[in-house]
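S.K.: Got a predicted structure here, sequence first:
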Amino acid sequence: MLRSAAAKTLKVDSQLVRRYAVPALKSDASEKKGLFAAIFGSSPVPLPPLSLPLSGILIPDEPVYPAAYPPTEVTTLSNGVKIASENTPGSTASVGIFINAGCAQEDASINQGVCQLLERMAFKRTSNRSHLRFTREKEAIGANLMVIGSRETMAYTADCIKSHVPEVVELLSDTVMNPIFDRYIVEKELEQLQNNVTAMMNNPKMINGLVLEMLHQVAFQGGLGNPAFWTGAPLSGEAAENFIATHFTGPNIVLAASGVEHAALVKIAEPMLSLLPATKSEEHLTRYMGGDQRQFSAGENVSIALGWEMTGGWEDIQKATAFAVLSSLMGGGSSFSAGGPGKGMSSRLYRNILNKNAWVKECNFFQCGYNKTGVIGIQGEVPAQHAAELIDIMVKELRSVAAKGSINETELARAKNATISSVQMSLESKGVISEDIGRQLLTYGVRKPPSEFIADISKLTAADISACAAELLKSPLSMCSVGDIHGVPPFQNVQSLLK
């Protein structure tokens, strides 16, 4: 039967062809039909315009947003731990444990590189969990766990669905309070750290990051001058345990959360965090010095950073706000940019250096602020033969903005608006909100609302910004260059440009 049916199918007559043949398209321009209407001979079905709602479709109500910005609630436990939260609307939450300890608290003779080791050992093993159990529990609740160390703080953070906040708080508390440093795991992580540092030092594309790291070492004497990465000094799990016992204490710790109801967060965290000791560790001693450091690395370019002291650091709020606007005004970028809003293409460094000098690969104004001090300046990357020329124009730009009357109202308004928009847009992220809460409580003891910072920015005048730039130039110069350094002028010659 199948064979005969196939034979009949192969015997195609003219009637079969006529039955299924596609009708010829009419050339009458007056009759407007769609493609499928022309092929199948049917008329198009009229559809309502998109401006009208479809019948039978239920349109949900507009979401109800809070009339005011949610407040930051803070509870201080008996041992000094601060628990702070902001109940930001949404189905997700961001939680973090922020610790007032970083590589600035390291001792070169005892535990240099311990903070980087703690980053690598986080969520590996504790007295309650194995590495496998950490991984399985994280996957089961869909949480994103991270740890980031800096010069003055360490942050253990997590993002999750609101319903999983209790599990996340317990995971963070466990890895902070009960880590286990097995000797073989420590040795393995140190070996990996050494490989990473070696790769970074030998990678020409990393010179811009390396030059800012080295600038800290030449600018500061003491804590902030400590290297942010392990240099190969002797380091053990016992040294890590001693560092935690000294610095991971109640007064140095803030548990911050965004998208969490405060009373519920305190109820979850207090039984665990109240076990931390109430001792307070000593603050690191740092003094700004200035100086010059150079390091040759493979490649045809050189990265140069010129820095000056950010006096007062973040604790001097008025001055720090002015420095932030100065940073927006100076701006900068790289020789390749897709353009568009927020790329800094109207800033001074972009207009006066990048646009006018095709040989400049990158030129940026940087601001590395810390609690009591910091370093601010300009960093650029050029072919080695243009090193002296780059330094000359970078100094001229900073001296220009420091001159009275050199800032017009248009660029001042642009810089202030850019700073305000940066503050507001960054706080759209719950992760940034929790970080902002944690860092402000560690620095100021309270969390200042964004409206206060915006008000301080709005009050600034052109004279305030010029005065900040002039104050920078009065501090000792810090200079660092990495790459093909043969064309970098002597330090004394660069100092003479500032007089």
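M.R.: Alright, I've got the coordinates.

S.K.: What ranges in the stretch 251-400 of the chain fall below the confidence cut-off?
M.R.: Residue ranges of the stretch 251-400 of the chain with pLDDT under 70: 336-344.

S.K.: Surely Met479 is within a strand?
M.R.: Yes. The assignment for Met479 (DSSP: H, G, I helix; E, B strand; the rest coil) places it in a strand.

S.K.: Is it in contact with Val494, as I believe?
M.R.: Yes. Counting by C-beta atoms under 8 Å, Val494 is a contact partner of Met479 at 6.1 Å. In short, each C-beta sits where N, CA and C put it, glycine included.

S.K.: all strands in the stretch 1-150 of the chain, in order from the N-terminus.
M.R.: 72-76, 82-86, 92-99, 144-149 (DSSP state E, counting those that start in this stretch).

S.K.: er, the stretch 301-450 of the chain I mean
M.R.: Under the criterion DSSP E, counting those that start in this stretch, strands of the stretch 301-450 of the chain are mapped to 301-309, 332-334, 362-369, 374-383.

S.K.: Compare the ones you listed and give me the one nearest Leu412.
M.R.: Each of the strands of the stretch 301-450 of the chain has some distance to Leu412 by C-beta to C-beta; the shortest is strand 362-369, at 15.5 Å.

S.K.: Give the other helices and strands that the closest one contacts.
M.R.: Contact partners of strand 362-369 among helices and strands, from 3 or more C-beta pairs under 8 Å, 6 or more residues apart in numbering; DSSP states H and E: helix 207-219, strand 301-309, helix 317-330, strand 332-334, helix 348-349, strand 374-383.

S.K.: rewinding a little: any shared contact partners between Met479 and Val494?
M.R.: Common contact partners of Met479 and Val494 (C-beta atoms under 8 Å, 6 or more residues apart in numbering): Leu306.

S.K.: what about those two, which has more around it?
M.R.: Using other C-beta atoms under 10 Å as the criterion, Met479 and Val494 rank with Met479 on top: 24 against 20.

S.K.: For Ile437, give its distance to Ala256.
M.R.: From Ile437 over to Ala256 the distance is 4 Å, taken as C-beta to C-beta, to the nearest Å.

S.K.: Which one's more surrounded, the two?
M.R.: Per other C-beta under 10 Å, whichever of Ile437 and Ala256 has more neighbours is Ala256, with 31 against 25.

S.K.: Double-check the more buried one against Ile99; I have them as touching.
M.R.: No. Using C-beta under 8 Å, Ala256 is not in contact with Ile99, being 11.4 Å away.

S.K.: contacting residues for the closest residue to Ser236 other than its chain neighbours?
M.R.: Closest residue to Ser236 apart from its sequence neighbours, by C-beta to C-beta, 6 or more residues apart in numbering: Val186 at 6.7 Å. Neighbour list for Val186: 117, 121, 235-237, 240 [criterion: C-beta under 8 Å, 6+ apart].

S.K.: Please repeat the previous calculation with a cut-off of 10 Å.
M.R.: Neighbouring residues of Val186 by C-beta atoms under 10 Å, 6 or more residues apart in numbering: 117, 120-121, 124, 235-240.

S.K.: And Ile353, by the same measure?
M.R.: For Ile353, the contact set (C-beta under 10 Å, 6+ apart) comprises 332-333, 347, 360, 362-363, 378, 380, 390, 393-394, 396-397.

S.K.: 7 Å instead?
M.R.: 360, 363, 393, 397 (C-beta atoms under 7 Å, 6 or more residues apart in numbering).

S.K.: The last one: neighbour count?
M.R.: It refers to Glu397. 21.

S.K.: My understanding was that it contacts Asn352; is that so?
M.R.: Yes. Glu397 is within contact range of Asn352, at 6.0 Å (criterion: C-beta atoms under 7 Å).

S.K.: mind checking how far the helix or strand that contains Glu189 is from the chain centre?
M.R.: Using DSSP states H and E, Glu189 sits in helix 183-201. The chain centre lies 24 Å from the centre of helix 183-201; the measure is C-alpha atoms, centre = their mean, to the nearest Å.

S.K.: Tell me the buried residues in it?
M.R.: For helix 183-201, a neighbour-count test (16 or more other C-beta atoms under 10 Å) marks 185-186, 189-190, 193, 197 as buried.

S.K.: Can you redo the residues you listed as CSV, where the extra columns are distance to Glu452 and pLDDT?
M.R.: Converted to CSV, the buried residues of helix 183-201 look like this (distance: C-beta to C-beta, whole Å; pLDDT from 0 to 100):
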residue, distance to Glu452, pLDDT
Ile185, 45, 93
Val186, 44, 95
Glu189, 42, 94
Leu190, 44, 94
Leu193, 40, 92
Val197, 41, 88
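
S.K.: between those, which is nearest Ile57?
M.R.: Closest approach between these and Ile57, by C-beta to C-beta: Glu189, at 56.8 Å.

S.K.: Identify the residues contacting that closest one.
M.R.: Contacts of Glu189 were listed using C-beta under 7 Å, 6+ apart, and they are 117, 120-121.

S.K.: still on that earlier bit, quick check: which of the strands of the stretch 301-450 of the chain is buried the most?
M.R.: Highest mean neighbour count among those (mean count of other C-beta atoms under 10 Å): strand 301-309, with a mean of 26.

S.K.: and the angle from that one to strand 362-369?
M.R.: 30 degrees (axes from the mean of the first three to the mean of the last three C-alpha atoms, to 10 degrees).

S.K.: on contacts alone, who are the packing partners of strand 301-309?
M.R.: helix 207-219, strand 374-383, helix 387-402, strand 478-483 (3 or more C-beta pairs under 7 Å, 6 or more residues apart in numbering; DSSP states H and E).

S.K.: which residue ranges form the helices in the stretch 1-150 of the chain?
M.R.: For the stretch 1-150 of the chain, the helices defined by DSSP state H, counting those that start in this stretch cover 2-10, 14-20, 35-40, 114-121, 131-141.

S.K.: Now do the shortest one, average pLDDT.
M.R.: Confidence over helix 35-40 (mean pLDDT, whole number) is 64.

S.K.: Centre-most residue in this structure?
M.R.: With distances taken as C-alpha atoms, centre = their mean, Val432 lies nearest the centre of the chain, 8.8 Å away.

S.K.: Could you report the neighbour count for the residue nearest to that one when sequence neighbours are not counted?
M.R.: Nearest non-adjacent residue to Val432, counting by C-beta to C-beta, 6+ apart: Ser426, 4.9 Å away. Neighbour count of Ser426, defined by other C-beta under 10 Å: 14.

S.K.: swap in Gly312?
M.R.: 18.

S.K.: contacting residues for it?
M.R.: By C-beta under 7 Å, 6+ apart, the residues touching Gly312 are 319-320.

S.K.: Pop out the phi and psi values for it.
M.R.: Here is the backbone geometry of Gly312 (degrees, to the nearest 10): phi 90, psi -30.

S.K.: can you pull the alpha-carbon coordinates of stretch 387-398 into PDB?
M.R.: Once non-C-alpha atoms are left out, stretch 387-398 reads as follows in PDB (Å, rounded to 0.1, in the frame of the first residue of the first chain):
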ATOM      1  CA  ALA A 387      57.300  61.000  28.600                       C
ATOM      2  CA  ALA A 388      58.700  64.400  29.300                       C
ATOM      3  CA  GLU A 389      56.100  66.100  27.100                       C
ATOM      4  CA  LEU A 390      53.300  64.300  28.900                       C
ATOM      5  CA  ILE A 391      54.600  65.400  32.400                       C
ATOM      6  CA  ASP A 392      54.800  69.000  31.200                       C
ATOM      7  CA  ILE A 393      51.200  69.100  30.000                       C
ATOM      8  CA  MET A 394      49.800  67.300  33.000                       C
ATOM      9  CA  VAL A 395      51.500  69.800  35.300                       C
ATOM     10  CA  LYS A 396      50.200  72.700  33.200                       C
ATOM     11  CA  GLU A 397      46.600  71.400  33.400                       C
ATOM     12  CA  LEU A 398      46.700  71.200  37.200                       C
END
